[in-house]
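Colleague: need a structure here:
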Amino acid sequence: KLAQDELKEHGCVKCHELDKKKVGPSFKDVSAKYKGKKVDEAMAGMKGKPVHKSVLQKATDSSLKVMLEWVQKQ
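Modeller: Next comes the predicted model:
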């Protein structure tokens, strides 16, 4: 499954867009925040945000990894 499909399926695009702030920061801003960090560090950062609780309940770690790897490349 493509990362963009995962992002839609798990509701990420309700709050995030590629290059502009919506409810949450843009994917490009998230990418800048985690630039040079390992995906595991980005996952830990995401898991620390209470707002992501519903996403984390549905998404597997492998899905999160796919999504965050894509975000980090933006």
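
Colleague: going forward, measure contacts between C-alpha atoms and count neighbours the same way
Modeller: Will do.

Colleague: contacting residues around the longest helix along the chain?
Modeller: Ranked by residue count under DSSP state H, the longest helix found in the chain is helix 61-72. With contacts defined as Cα atoms under 8 Å, 6 or more residues apart in numbering, helix 61-72 is touched by 2-4, 6-7, 27-28, 30-32, 34-35, 39-40, 42-43.

Colleague: ok, of those, which come out buried?
Modeller: Among those, the ones that count as buried by 16 or more other Cα atoms under 10 Å are 3, 6, 7, 27, 28, 30, 31, 34, 39, 42, 43.

Colleague: how about the residues you listed in JSON lines, adding pLDDT?
Modeller: Below are those laid out as JSON lines (pLDDT from 0 to 100):
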{"residue": "3", "pLDDT": "93"}
{"residue": "6", "pLDDT": "92"}
{"residue": "7", "pLDDT": "92"}
{"residue": "27", "pLDDT": "93"}
{"residue": "28", "pLDDT": "95"}
{"residue": "30", "pLDDT": "91"}
{"residue": "31", "pLDDT": "91"}
{"residue": "34", "pLDDT": "88"}
{"residue": "39", "pLDDT": "88"}
{"residue": "42", "pLDDT": "84"}
{"residue": "43", "pLDDT": "83"}
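
Colleague: Throw those into JSON lines and include distance to residue 13 and secondary structure, thanks.
Modeller: Formatted as JSON lines, those follow (distance: Cα to Cα, whole Å; DSSP: H, G, I helix; E, B strand; the rest coil):
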{"residue": "3", "distance to residue 13": "12", "secondary structure": "helix"}
{"residue": "6", "distance to residue 13": "10", "secondary structure": "helix"}
{"residue": "7", "distance to residue 13": "6", "secondary structure": "helix"}
{"residue": "27", "distance to residue 13": "9", "secondary structure": "helix"}
{"residue": "28", "distance to residue 13": "13", "secondary structure": "helix"}
{"residue": "30", "distance to residue 13": "13", "secondary structure": "helix"}
{"residue": "31", "distance to residue 13": "15", "secondary structure": "helix"}
{"residue": "34", "distance to residue 13": "19", "secondary structure": "coil"}
{"residue": "39", "distance to residue 13": "20", "secondary structure": "helix"}
{"residue": "42", "distance to residue 13": "18", "secondary structure": "helix"}
{"residue": "43", "distance to residue 13": "17", "secondary structure": "helix"}
